[in-house]
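In: need a structure here:
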Amino acid sequence: MQGTSIDNSGRAGATTERRGSVLIAEDDEIILAALTRGLEQAGYAVAGAHSGEEAIELGLAGHFDLAIVDVRLPGISGIAAARRIHEETGMPFVVLSSFSNEQVVAEANAAGAIGYLVKPLDVKQMLPEIKTALERSADLRRLAASEAGLAKALNQSRDISIAIGIIMERLHLGRDPAFERLRKAARDRRQKLHDLAAEIIGGQGKAL
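Out: Got it, this is the predicted structure:
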């Protein structure tokens, strides 16, 4: 699949083989440029932010597969910015720091970080970590979608069961005849079964 790379200002650049989109929040221009260049050369689309506020603005406005956020950013801290982005969009993030500190690691984990990188960084050495984080991100999105789909199916099934109960009570029918009545009405009205069931529960359904 082809994608468009993004430079530090968020502008579209040359088309490259897209492996994922990454938001990097780092106030050190040299480190940010090195990470951006290395990740783009590896096939990732990249956008850069220089502060916690800018990271939040970009993170909430666009869709990224992963954020790499420096702990120490001007204004809002990197962890606080990443936490907000994660809570509002579900975007996973990796924390970037100049040192390994148990308290910072614990704070990052509590905020929802799925990885921790220590500077100075060798882009080639960190690529496996990025790849692993993106794979975990994809797994989390699939799990969330699966859970959402299951919850929706369960809710729809519950509504249909309740609607069948209402029809049984209204028309003095057994469960199977009531279900057939509901299904026929949905077919005749060209409605989805669960939509008609929801109308019946809400008292808006026409007489069957």
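
In: state the phi and psi torsions of residue 46.
Out: Residue 46 adopts backbone torsions of phi -130, psi 140, taken as degrees, to the nearest 10.

In: quickly list what it is bridged to.
Out: On the basis of DSSP bridges, residue 46 is bridged to residue 22.

In: burial count for it?
Out: 25 (other C-beta atoms under 10 Å). Yep, even glycine has a C-beta here, placed from its N, CA and C like the rest.

In: that one and residue 76, how far apart?
Out: Distance, residue 46 to residue 76, by C-beta to C-beta, to the nearest Å: 21 Å.

In: also residue 108?
Out: For residue 108, the distance to residue 76 - C-beta to C-beta - is 15 Å.

In: check residue 38 too.
Out: 26 Å.

In: ok, now residue 196?
Out: Taken as C-beta to C-beta, the span from residue 196 to residue 76 is 49 Å.

In: which one's more surrounded, these two?
Out: residue 196 (23 against 18).

In: thought that one was touching residue 187?
Out: No: if you go by C-beta atoms under 8 Å, residue 196 and residue 187 don't touch, sitting 9.7 Å apart.

In: what sits up against stretch 56-66?
Out: With C-beta atoms under 8 Å, 6 or more residues apart in numbering as the test, stretch 56-66 has contacts from 10, 20-23, 47, 49, 67, 76, 81, 84-85, 88-89, 91-94, 130, 133-134, 137-138.

In: then stretch 190-201?
Out: 156, 159-160, 162-164, 166-167, 182-183, 185-186, 189, 205, 208.

In: burial check on residue 138, number of neighbours?
Out: 14.

In: that one - that's part of a helix, no?
Out: Yes: counting by DSSP: H, G, I helix; E, B strand; the rest coil, one finds residue 138 located in a helix.

In: isn't residue 24 up against residue 82?
Out: No: counting by C-beta under 8 Å, residue 24 sits too far from residue 82 to count as a contact (11.6 Å).

In: between these two, who's got more neighbours?
Out: Between residue 24 and residue 82, counted using other C-beta under 10 Å, the more crowded position is residue 82 (32 against 26).

In: can you pull the contacts of that one?
Out: If you count contacts by C-beta under 8 Å, 6+ apart, then residue 82 has 25, 55, 67, 69, 93, 95, 111, 112, 113 around it.

In: assign residue 40 to helix, strand or coil.
Out: Going by three-state DSSP: residue 40 is helix.

In: show the pLDDT at the most centrally placed residue in the chain.
Out: Centroid-nearest residue in the chain, with C-alpha atoms, centre = their mean: residue 90, separated by 3.8 Å. Looking at residue 90, its pLDDT is 82.

In: how about residue 3?
Out: At residue 3, the pLDDT value in this model is 38.

In: from residue 181, how far off is the residue lying farthest from the centre of the chain?
Out: Within the chain, the residue lying farthest from the chain centre (C-alpha atoms, centre = their mean) is residue 172, at 47.0 Å. According to C-beta to C-beta, residue 172 and residue 181 sit 12 Å apart.

In: do me a favour and get the end-to-end distance for stretch 58-75?
Out: By C-alpha to C-alpha, to the nearest Å, the extent of stretch 58-75 from end to end equals 15 Å.

In: average model confidence for that stretch?
Out: 89.
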